[in-house]
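A.B. asks: I would like to see how this sequence folds:
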Amino acid sequence: MNFLFIIPGFFNIEPYQKLLYYNDLPLGSLQISSYLKERNKIETDIIDMRIEEERDSKWNPQSNDLYKFEQHCEKVLESAAIQNFKNIGISCYTSFQYLQTKIIAEIIKKSYRDKNVFVGGYHPSANPHDFTFKNSPFDYIIINEAELILSKYLSKNENITTKKSRETQIFREKRYIDVNELPPPDYNLYLNKYPYFDKYKFDLYTSRGCPYQCTFCSINYRFRVYSFEHFKNVFDELVQVVLNQNKKYPKISFADQAFFSIPIKEKILDYIIKQQLQESINFSCQSRIETIASDLSILNKIKISKLIIGYGLESADKSLLVEMNKTRNPNYYLEMAEKIIQKYTEYELNYCRLNVLCGFPGEDKKSFNNTFKFLEENASHENIQISPSLFACYPNTPAFHNMKKYEELYGSEFNKRWWESKKNQFKLSVLRKCSHKYSLKDLLYDYKENYISILKIFKFSNFRDLATWKQFYSNWYNELSSANQLKNQN
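C.D. replies: Residues are numbered from 1 along each chain as shown. Below is the predicted model of the structure:
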């Protein structure tokens, strides 16, 4: 019994998106692999099409040439001896990977009809019926807790192969896995296959789900956290992996959506400090503004552990903060943000990151300027890294389900099923118009012209990354300007 994991790549991906979506380990697939090895005693293998793209000089990931991609994909599958695997799972982690996921499955079924093809990830969980079309190459769609679903399936169907004569089945797991029963992710599976040094980002989850529900985030399931004992087992193994793999810049990111909401947060910091791990590894996490601002006593441990925190500020416009469901009391929220920022400018803490989300439904020039003015007045400091991004309308978010409301209330305009397009999906996922008088072209101009100045202030700003950022958004703005000119001429 065996199982092959496939991680799709991205069409039309440009250098700026590569900075965001490449070099992270497919942690979900590695977690499932270790669970199946332990529970079902099976062998696993993995193909990461992102890495395979870099190995194949004939395939250009900035392209959407489907014929060339099929040739590239067939070659990769053959070299991985796909014929030896009965069960194949494709991880459609983001909606940007939907098209590649679909095409990879079609290629597999065209040549190997007896393979069982599974698909899981955020997109299948959000839109399972995107995978149930006529003559779908997918046999099974996994929604929620993939470890439980696959373990149960493999136990009951050890000698069964699919004769694609029945409709695609949807497996929806209603039980919640005990996160303290999960073995450490199968790092060796990936690192033995792709043994590159000083290349990968290493993340660690100490929880599943999120206790909050921002309207731009995927709809959450029940929040569960690791015990400290389980955390230590997983963490100690990862520390050794990182020290061996990333000798130049060893770093571990706690990938929880709200790290300072987990009960064991202080124990984790105490453990890092006691072991003096901060002297050899850089640690980072994500946090809500208010969870730290409500108890500033923890700042001393943050300082000693040299923990780098990414704060989800998102906006400084009071109306947008409420619309995003970041807070019901925006005045208090912004006071807390100012308090946190002040500590980083006066208290000799390690630097922090402020995440800012631009272009949310209802955004206009006034709300954009409110946020930027707040950052200029409070966060223009070398110790603070401003991290702006544009709102992308992912399925299975409250914002996606409220598109009609935003259209009527603000005049927002969406590309509603952007993930099916063969054009640049990174651009299509952004709103065509945020509000009645604030188009995407207007947003892009304000975004690129204003934020580049504040990005340069951060003491560790990288010139090449900033140039890549500016070039991407300038080119995008110029594309829209040219398209508008042609439209007016016609």
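A.B. asks: List the contacts of stretch 358-374.
C.D. replies: 216, 315-320, 323-324, 334, 337, 356, 388-391, 399, 402-403, 406, 409-410, 412, 430-431, 434-438, 440, 442-443, 446-447, 450-451, 454 (Cβ atoms under 8 Å, 6 or more residues apart in numbering). Just so you know, the C-beta spots here come from the backbone N, C-alpha and C atoms, and that holds for glycine as well.
A.B. asks: Between the two ends of that stretch, how far is it?
C.D. replies: 14 Å (Cα to Cα, to the nearest Å).
A.B. asks: For the closest residue to residue 272 other than its chain neighbours, the count of nearby residues, please.
C.D. replies: By the measure of Cβ to Cβ, 6 or more residues apart in numbering, the closest residue to residue 272 outside its immediate chain neighbours is residue 305, 4.8 Å from it. As a burial measure, residue 305 scores 19 neighbours (other Cβ atoms under 10 Å).
A.B. asks: Look up how far residue 442 lies from residue 305.
C.D. replies: 42 Å (Cβ to Cβ, to the nearest Å).
A.B. asks: just residue 140 next, same as before
C.D. replies: 45 Å.
A.B. asks: do residue 396 as well
C.D. replies: Taken as Cβ to Cβ, the span from residue 396 to residue 442 is 29 Å.
A.B. asks: Looking at those two, which has the bigger crowd around it?
C.D. replies: Shown here are residue 396 and residue 442; by other Cβ under 10 Å, residue 442 has more neighbours (19 against 16).
A.B. asks: Residue 467 is in what secondary structure piece?
C.D. replies: Secondary structure assignment for residue 467, by DSSP states H and E: helix 463-489.
A.B. asks: Report the rounded mean pLDDT for that helix.
C.D. replies: When pLDDT is averaged along helix 463-489, the result is 86.
A.B. asks: Could you do stretch 263-278 as well?
C.D. replies: 97.
A.B. asks: got the residue ranges for the helices in the stretch 151-300 of the chain?
C.D. replies: Along the stretch 151-300 of the chain, the stretches classed as helices by DSSP state H, counting those that start in this stretch are 187-193, 228-245, 265-275, 289-293, 299-305.
A.B. asks: Stretch 466-478: which residues count as buried?
C.D. replies: Residues of stretch 466-478 classed as buried: 468, 469, 470, 472, 473, 476, 477 (neighbour count, 16 or more other Cβ atoms under 10 Å).
A.B. asks: What of stretch 76-83?
C.D. replies: 76, 77, 80, 82.
A.B. asks: Residues contacting it, please?
C.D. replies: Against stretch 76-83 from outside (Cβ under 8 Å, 6+ apart): 4, 45, 47, 49, 52, 56, 88, 107, 108, 111, 112, 115.
A.B. asks: Tell me which of these fall in strands.
C.D. replies: The members of the contacts of stretch 76-83 that map onto strands under DSSP state E are 4, 45, 47, 88.
A.B. asks: Distance to residue 180 added to those residues, as a markdown table?
C.D. replies: Putting those into a markdown table (distance: Cβ to Cβ, whole Å) gives the following:
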| residue | distance to residue 180 |
| --- | --- |
| 4 | 28 |
| 45 | 27 |
| 47 | 30 |
| 88 | 29 |
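A.B. asks: Only whichever of those are buried, select them in PyMOL.
C.D. replies: Buried residues within the ones in strands among the contacts of stretch 76-83, by 16+ other Cβ under 10 Å, are selected in PyMOL with:
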select buried, resi 4+45+47+88
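A.B. asks: Just put the ones in strands among the contacts of stretch 76-83 in JSON lines and tack on pLDDT.
C.D. replies: Shown next, in JSON lines, are the ones in strands among the contacts of stretch 76-83 (pLDDT from 0 to 100):
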{"residue": "4", "pLDDT": "96"}
{"residue": "45", "pLDDT": "96"}
{"residue": "47", "pLDDT": "96"}
{"residue": "88", "pLDDT": "96"}
